[in-house]
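Predicted model and sequence follow; I will ask about them next.
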Amino acid sequence: MDTFDWITTAAKSAFLVIILLQVVPIMAWVERRGSALMQNRLGPNRIGPLGLFQSIADAIKFIFKEDPIPGHVEPFYYMLAPLVSVVPAFMTFGVIPFASSINLDGRVLHFQVADLNVGLLYVFSVASLGVYGIIMAGWSSNNKYTILGSLRSSSQMISYELSMGLSVIGIILVFSTLKLGDIATQQGQLMTHLGPWLLPEWLQIPKWGVFIQPLGFLVFLVAAFAETNRLPFDLPEGESEIVAGYHLEYGSMKFAMFMMAEYLNMFTASGLITTLYFGGWQLLPGFGPLLGLLQSQFGLAGMSAEWARVGFEVLSFFLKVGFFMWFFVWVRWTLPRFRYDQLMDLGWKVMFPLAMVNILLTGTFAYYGWI
Amino acid sequence: MDISPFFFYLFAGLAIACSTMVILKKNPVTSAFSLVLVFFAFAGIYALLDAHLIAALQVFVYTGAIMVLFVFVIMLLNADVPSFDLGRSHFLMRVSAGFSALVLLGIFVWAFKESSFHSIGGEFTLEKIEAAGGNTQVISELMFSEYILPFELTSILLLAAIVGAVAIAKRKLVGGRV
Amino acid sequence: MLVKKKKNPLQEIYLIEILKGLFITIKNMLFAPKVTIQYPEQRRNYSERFRGMHYIKATNGVENCTACMLCPTVCPAECIHIEAGERADKEKYPVKFEIDVLRCCFCGMCEEACPKDAIKLSTIYEMSTTHREVYDKAFLVEQRGSK
């Protein structure tokens, strides 16, 4: 670690933390306006342009609200639980690359806080810690609804973690690396095969994960919904059955932290879906010619051209992530909640076998060199 | 890595402090959460030793899955404090317990001092692992070539455990509602 | 009774059904007319017969009420309080006419009972205040015409 590393790492971390902190208010606004529009309402539109400052008003309300600790809770764990659920949510995004690399005076700068060689496993292992916050909250609140919520959450997370982990094995088999940076880079190649057949030149699309792993993508997407406790799998906080689930006894900023953790987990899940299945920072279709046009129009060359490329990559990445964030909201206001036995049936009897089939298929394809 | 020793002592101290918490605390849930921290500290030490895969797996498997089940069971059984209070132990019992603990400590100290503990090191040095493409590649290659038999035996053991669990769970249902 | 509907295998997979559902929500979001009435600027049009805040009708600055006590008698919520008095021309009139709106259930029976067409309910519905209020005679007469 020399000065260059220290400065760039600090800058990248600061950039990510700023983005992550922006996610929560923006998503709270998107969720409220989006749901309202889908239900033929208007939603909050009073404060600021289009109601954008509504989240700021909410935050101010959360901060200045009285923050009581009920008499029947375990104070230490009660206070600790929101922290425990928020910290892993912040930690995970560090290994996800949001642009390719750039050469700065002979040094290579990767747009990724840490390029671990076990990147994918790191994401899974840290994400699996989020459940502790929920368990702690449920248990320490000393309330039957909260404990039901946390039990539901932990069993749901363990069940779906399995199919989630198995569904990415296909991706690992294809790209034969756990580094998220390498996975994103390799998705820039063109797809030359479809099964045993060679594709003609004009049909060759980028080798994005979703094209070579459609089944794995489906399983991963469903598991991501279950892991982030979003509808249709938000059993841990099912209002109609267990009031509010694990965060029933929480108010003001402590509740806001649980909400923050939920949105950050959504953001990480979207980032992961993008990186694994939608080419990560690879330019969106149409962005390549646009970039070329921009560079020739303004006569960009050398470093400035490189920075323009990085800018477009960052833009592509966050557009993709934004689409999946929106997808989470969209699905939430479309589908009703599952029943608990349906959830478990889906996890163990449908998603798990599908993930296994995916591994088998991918293994066969990889053995014959078709991918 | 010049900052390594500081972090080693940090994680080691955390591990020792939390392990004592595990056995000293009367509240079983506190013990379980302390154990989670112990696993974390271990993962930190593994990461300092450049064994990133083991560190990630430690967190993923132990804290992410196994300890969740532990906490789950403790919360479901609702084991409260009184059931662990077995009354005053006998004087002789305490003396013998203290004595055997001291003996064990002595044996450990002797073993670490006398044995050639420092020179353990296989053929896989850091440089070699780096050249072969990192921890994951090396471990998976070994696991699926040289150690394939133990690997498969372990999976059979796990399968046996699953079958046993299903058998125990299903036994109650025979005769009753399916 | 639980009826098991026969589904075709395509519906059994749900994926296409989910996509259809997503299409419906996005269609509603983008194209359906929004039903929200943006309250302070836009208001709902109530019928002329809407029963809102009370007022006492007056002719030539003198209230129509003759303090006949029919409205406090018929009032189910017992929220009208009248003290009768006599004018110089021997006309009976209410010295005090108070309505405790917090008790009022806006049934409109007083309006029906009144022989002089004196007490009426207007269409004003914005009556929320920060303190408990009893409407007195002066206030009620002033509300006249501000339907």
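On my side now, so go ahead. Because the structure is predicted, anything quoted here is derived from the model rather than measured. Numbering: from 1, shown residues only, chains lettered A, B, ... in the order given.

any idea how far A:Met157 is from chain B?
According to Cβ to the nearest Cβ, to the nearest Å, A:Met157 and chain B sit 8 Å apart. C-beta here means a position set from N, CA and C on the backbone, and glycine is covered the same way.

what mean pLDDT would you report for the top helix by length along chain C?
Criterion DSSP state H: the longest helix present in chain C is helix C:15-31. Average pLDDT, helix C:15-31: 87.

That helix: how far from the chain's middle?
Distance of helix C:15-31 from the chain centroid (Cα atoms, centre = their mean, to the nearest Å) equals 39 Å.

At the geometric centre of chain C, which residue do we find?
C:Gly52 (3.7 Å; Cα atoms, centre = their mean).

Now do the same contact list for it.
C:46, C:106, C:121-125, C:127 (Cβ atoms under 8 Å, 6 or more residues apart in numbering or on different chains).

Quick one: list the elements packing against the helix or strand where A:Ser101 lies.
Using DSSP states H and E, A:Ser101 falls within strand A:99-104. Here strand A:99-104 touches strand A:107-111, helix A:303-332, going by 3 or more Cβ pairs under 8 Å, 6 or more residues apart in numbering or on different chains; DSSP states H and E.

which SS state does the residue nearest to the centre of chain C fall under?
State at C:Gly52, reduced to three classes by DSSP: H, G, I helix; E, B strand; the rest coil: coil.

cool, B:Ile45 as well?
Assignment for B:Ile45 (three-state DSSP): helix.

picking up where we left off before, give me the residues contacting the strand holding A:Ser101.
Contacts of strand A:99-104 (Cβ under 8 Å, 6+ apart): A:4, A:108-111, A:184-185, A:281, A:306-307, A:309-310, A:313-314, A:317.

likewise stretch A:48-56?
A:24-26, A:28-29, A:32-33, A:43-47.

Any regions of chain C where pLDDT drops low?
C:1, C:11, C:143-147 (pLDDT under 70).

related to what we said a few turns ago, what angle do the longest helix of chain C and helix A:303-332 make?
Relative orientation of helix C:15-31 and helix A:303-332, computed by axes from the mean of the first three to the mean of the last three Cα atoms, to 10 degrees: 110 degrees.

which helices and strands does helix C:15-31 pack with?
helix A:3-38, helix A:303-332.

Now the next helix or strand after the longest one: buried residues?
Think helix A:3-38. Once the chain leaves helix A:3-38, the next helix or strand it forms, by DSSP H and E, is helix A:54-64. Going by neighbour count (16 or more other Cβ atoms under 10 Å in any protein chain shown), the buried part of helix A:54-64 is A:54-55, A:58-59, A:62.

Can you tell me which of the contacts of strand A:99-104 is nearest chain C?
Closest approach to chain C among the contacts of strand A:99-104 (Cβ to the nearest Cβ): A:Phe317, at 23.6 Å.

The closest residue to C:Ile16 other than its chain neighbours: neighbour count?
Leaving aside its chain neighbours, C:Ile16 sits nearest to C:Leu10 (5.9 Å; criterion: Cβ to Cβ, 6 or more residues apart in numbering or on different chains). For C:Leu10, the neighbour count with other Cβ atoms under 10 Å in any protein chain shown is 10.

How about C:Glu83?
11.

Repeat that for B:Ala65.
Neighbour tally, B:Ala65, other Cβ under 10 Å: 17.

Identify the residue of chain B closest to chain A, quick one.
B:Gly64 (3.1 Å).

quick one: contacts for that residue?
Applying Cβ under 8 Å, 6+ apart, the residues near B:Gly64 are A:124-125, A:128-129, A:131, A:161.

Closest one to C:Pro94 out of those residues, please.
A:Val131 (70.6 Å; Cβ to Cβ).

For the closest one, give its distance to chain C.
Where chain C is concerned, A:Val131 sits at a distance of 26 Å (Cβ to the nearest Cβ).

My read is that that residue contacts A:Arg152, right?
No. Contact criterion Cβ atoms under 8 Å: A:Val131 and A:Arg152 do not qualify, at 11.0 Å.

dump the residue contacts of the nearest residue to A:Asp234 once chain neighbours are set aside.
Nearest residue to A:Asp234, sequence neighbours excluded (Cβ to Cβ, 6+ apart): A:Arg337, at 6.3 Å. Counting by Cβ under 8 Å, 6+ apart, A:Arg337 makes contact with A:231-235, A:238, A:240.

three-state assignment of B:Ser34?
helix.

With chain C as the reference, measure out to it.
Where chain C is concerned, B:Ser34 sits at a distance of 44 Å (Cβ to the nearest Cβ).

What is the neighbour count of the closest residue to that residue other than its chain neighbours?
Of all residues not flanking B:Ser34 in the chain, B:Met21 sits nearest, at 3.9 Å (Cβ to Cβ, 6+ apart). By the criterion of other Cβ under 10 Å, B:Met21 has 16 neighbours.

what do you get for A:Gly280?
Quick note: A:Gly280 (other Cβ under 10 Å) scores 31 neighbours.
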